[in-house]
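Asker: have a look; sequence and predicted model below, questions after that.
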Amino acid sequence: MTMVAYQNCFMFIIFFSFLCYYLFFKKPSGSSRGFDDLPPSPPSLPIIGHLHLLLSTPTHKSLQKLSSNYGPLFHLRIFNIPMVIVSSASVAYEIFKAHDADISSRGPPPIDDSLFAGSSSFISSPYGDHWKFMKKVLVLKLLGAQALERSRDVRTDELERVYSRLLDKARKEESVEIIKEVINLTNNSICRMIIGRSCSEENGEAERVRSVASESLALGKKIVLGSLLRPRFKNLVMLLIKKEIMVVSNKFDELFERILVEHEKKQDGHQETDLMEALLAAYGDDKAGYKITREHIKTLFADLLFAGTDASAQAAQWAMAEIIKNPNVLKRLREEIDCLVGQGTRLIHETDLPNLPYLQAVVKEVLRLHPPGTVFGRISQKGFRIREFYIPEETSFAINVYAIMRDPDYWEDPDEFKPERFLQDSSRTVEEEERREQALKYIPFGGGRRGCPGANLAYVFLGTAVGMMVQGFDWRIKGGDKVIMEETVLGLSLTMAHPPKFIPVARTASPLTSKCS
């Protein structure tokens with residue numbers, strides 16, 4: 001019996017070794033073309049490749065450390081996926097200048113036809129007719145300058161609501177979680193801008209939206225990990241989480257189908273006014289140049305709501321932490337706002353932002369040090385050369401935004417919080433400033449044609465939210481603790497590992513309003 005057991009064990013080891021080779025090491029035919037010209041790479045391990053190099057610290061910091069040893073352009077292998085890492089502004093500029101169209105698709109591809117993991121998402125869709133149509137509608141109805149001007153009253157109203165809640169907290173001497181307040185601001189504003197009303201707290205709709213968002217982020221991590229494996233092993237992983245994918249997809253569908261039906265009942269032939277009505281009109285137009293489906297509309301709503309809400313809220317939390325940690329910044333910022341708006345006259349307004357250069361500089365510096373997304377990905381649609389290296393077709397790119405915006409070649413004291421660096425310096429020549437901007441040194445919302453189309457809206461949210469909190473309140477840290485600026489990555493955003501709780505103290509005896517007194 002002992003001999004049989006040993007033989008069975010030996011046969012299992014042999015079988016498992018062949019299986020690992022087939023799944024992880026055997027290269028597809030033709031895949032070796034150009035691999036000899038890839039950028040430099042650190043030593044790898046069997047099966048997992050370079051995965052172990054990314055586990056000890058947050059991924060963006062691990063990649064930044066590797067770039068100091070292997071240069072601004074290097075490549076890794078995560079399981080079976082080759083990946084090229086870009087970590088400097090100059091390399092990013094060369095790639096986007098010459099090959100923007102070639103790397104304008106994002107991966108990984110959809111894993112099935114479900115609403116959550118299918119091909120309908122605007123954010124992850126390939127660069128093509130669907131993405132171009134959706135972006136055109138977004139700019140026209142939601143994110144362009146004219147669209148933002150039309151929806152300004154919505155955001156003003158929601159900002160005043162947040163101010164009133166903070167004022168109530170101040171009266172009760174209760175602590176505040178900045179991130180939750182800004183989530184309410186962005187969530188309700190985006191809902192009203194898209195569908196003409198906010199998500200209701202009374203009937204539990206807002207909580208369902210937040211719950212689906214949380215489940216989506218957790219499930220997204222599993223999908224990303226599974227997509228890195230070879231096709232056969234990836235299919236096994238996806239089979240194991242298929243039920244979870246369908247549960248989240250069904251929640252998506254139920255939530256957003258109800259909203260679509262509500263809008264369809266309201267339509268009576270009048271001209272569409274909000275984004276949802278414009279999309280429904282395109283959906284019902286048989287002569288439309290590009291035909292969209294109900295799934296396209298639902299996933300676009302999800303993309304806007306979840307991505308926009310999380311990114312702005314995390315950035316606002318970082319902003320208040322940096323401002324309170326740096327009293328000189330707080331003093332200068334408050335003086336600028338009080339001088340323009342007044343301390344006890346009215347609440348800061350979007351139209352004030354162009355006349356508040358230091359506030360704009362603070363927001364930009366926060367996004368430089370703490371970008372919502374630390375790394376953004378692209379897929380090369382065809383092979384090309386960059387410097388002395390060859391990048392094969394269908395190679396994954398990881399643009400390390402975090403490292404680029406702390407590149408010491410372009411930023412003085414790159415790890416220091418210095419909003420002054422964004423104020424116009426008359427000593428610089430126009431040519432020098434243009435060269436610095438061309439180098440893609442500042443890309444908190446990505447770069448190229450696939451850069452985030454909602455960047456202008458994010459600047460508005462951050463400028464008014466931070467401005468309101470600085471103008472209306474003094475802030476104390478609950479328990480007298482210090483602000484700890486340690487980072488972690490939650491979902492897709494860079495967040496604080498130890499977010500402080502602040503206690504607001506009203507600066508005026510009478511509440512501020514958005515209207516001039």
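Answerer: Nice, I can see it.
Asker: so the closest residue to residue 415 other than its chain neighbours, which of the three states?
Answerer: The shortest distance from residue 415 to any non-neighbouring residue, by CB to CB, 6 or more residues apart in numbering, is to residue 406 (6.3 Å). The C-beta positions use only the backbone N, C-alpha and C, and glycine is treated the same way. Under DSSP: H, G, I helix; E, B strand; the rest coil, residue 406 falls in the coil class.
Asker: cool, the one 10 residues further on as well?
Answerer: In the three-state summary, residue 416 is assigned as coil, counting by three-state DSSP.
Asker: repeat for residue 121
Answerer: coil.
Asker: need the contact list for it.
Answerer: By CB atoms under 8 Å, 6 or more residues apart in numbering, the contact set of residue 121 is 110, 299-300, 302-303.
Asker: one more pass at 6 Å, please.
Answerer: Applying CB atoms under 6 Å, 6 or more residues apart in numbering, one finds that residue 121 lies in contact with 299, 303.
Asker: how near is it to residue 459?
Answerer: In this view, residue 121 and residue 459 are 24 Å apart by CB to CB, to the nearest Å.
Asker: what is the burial count for the residue nearest to residue 415?
Answerer: 18 (other CB atoms under 10 Å).
Asker: my understanding was that it contacts residue 413; is that so?
Answerer: No. Using CB atoms under 6 Å, residue 406 makes no contact with residue 413, being 10.0 Å away.
Asker: how about the strands in the stretch 301-450 of the chain?
Answerer: 375-379, 384-386, 389-391, 396-400 (DSSP state E, counting those that start in this stretch).
Asker: I'd like those strands as CSV, with distance to residue 334, mean neighbour count and mean pLDDT appended.
Answerer: CSV is the format used below for the strands of the stretch 301-450 of the chain (distance: least, CB to CB, whole Å; neighbours: other CB atoms under 10 Å; pLDDT from 0 to 100):
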stretch, distance to residue 334, mean neighbour count, mean pLDDT
strand 375-379, 34, 22, 87
strand 384-386, 46, 15, 88
strand 389-391, 49, 19, 90
strand 396-400, 35, 23, 90
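Asker: kindly list the longest helix within this structure.
Answerer: helix 242-266 (DSSP state H).
Asker: can you give me the buried ones in that one?
Answerer: Within helix 242-266, the residues scored as buried using 16 or more other CB atoms under 10 Å are 245, 248-249, 251-253, 255-256, 259-260, 263.
Asker: so for it, mean pLDDT?
Answerer: If you average the pLDDT over helix 242-266, you get 82.
Asker: centre of the chain versus it, how much separation?
Answerer: 23 Å (CA atoms, centre = their mean, to the nearest Å).
Asker: could you do stretch 293-312 as well?
Answerer: Averaging C-alpha positions (CA atoms, centre = their mean) puts stretch 293-312 12 Å from its chain's average.
Asker: residues making contact with that stretch?
Answerer: 115, 120-123, 183, 186-187, 190, 213, 256, 279, 372, 454, 458, 461, 493.
Asker: got the contact list for residue 500?
Answerer: Per CB under 6 Å, 6+ apart, neighbours of residue 500: 477, 483.
Asker: which of the helices or strands spans it?
Answerer: With elements taken from DSSP states H and E, nothing contains residue 500; it lies in neither a helix nor a strand.
Asker: from residue 332, how far out is it?
Answerer: Residue 500 is 22 Å from residue 332, by CB to CB.
Asker: now residue 502
Answerer: 20 Å.
Asker: repeat for residue 315
Answerer: In terms of CB to CB, residue 315 sits 20 Å off from residue 332.
Asker: more neighbours: which of the two?
Answerer: residue 315 (27 against 17).
Asker: where does the stretch 1-150 of the chain have low pLDDT?
Answerer: Counting by pLDDT under 70, the stretch 1-150 of the chain contains low-confidence ranges at 1-36, 107-120.
Asker: quick one, strands of it?
Answerer: 73-78, 81-86.
Asker: how about the ones you listed in TSV, adding distance to residue 132 and mean neighbour count?
Answerer: As requested, those are exported to TSV (distance: least, CB to CB, whole Å; neighbours: other CB atoms under 10 Å):
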stretch	distance to residue 132	mean neighbour count
strand 73-78	29	21
strand 81-86	25	22
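Asker: tabulate those strands (TSV), appending distance to residue 289.
Answerer: Shown next, in TSV, are the strands of the stretch 1-150 of the chain (distance: least, CB to CB, whole Å):
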stretch	distance to residue 289
strand 73-78	39
strand 81-86	35
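Asker: quick one: which of the ones you listed is nearest residue 290?
Answerer: strand 81-86 (31.2 Å; CB to CB).
Asker: strand partners of the closest one, parallel vs antiparallel please.
Answerer: Here strand 81-86 is paired, per DSSP bridges, with strand 73-78 (antiparallel), strand 396-400 (parallel).
Asker: output these in CSV; the columns should cover distance to residue 472.
Answerer: Formatted as CSV, these follow (distance: least, CB to CB, whole Å):
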stretch, distance to residue 472
strand 73-78, 47
strand 396-400, 37
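Asker: these: which one's closest to residue 287?
Answerer: strand 396-400 (38.2 Å).
Asker: the closest one to strand 375-379, inter-axis angle?
Answerer: Strand 396-400 runs at 150 degrees relative to strand 375-379, counting by axes from the mean of the first three to the mean of the last three CA atoms, to 10 degrees.
Asker: pLDDT below threshold where in the stretch 251-400 of the chain?
Answerer: If you take pLDDT under 70 as the line, the stretch 251-400 of the chain has these spans: 267-273.
Asker: how near is the spatially most central residue of the chain to residue 177?
Answerer: For the chain, the residue nearest the mean C-alpha position is residue 373 (4.6 Å; CA atoms, centre = their mean). Relative to residue 177, residue 373 is positioned 22 Å away (CB to CB).
Asker: all set now, cheers.
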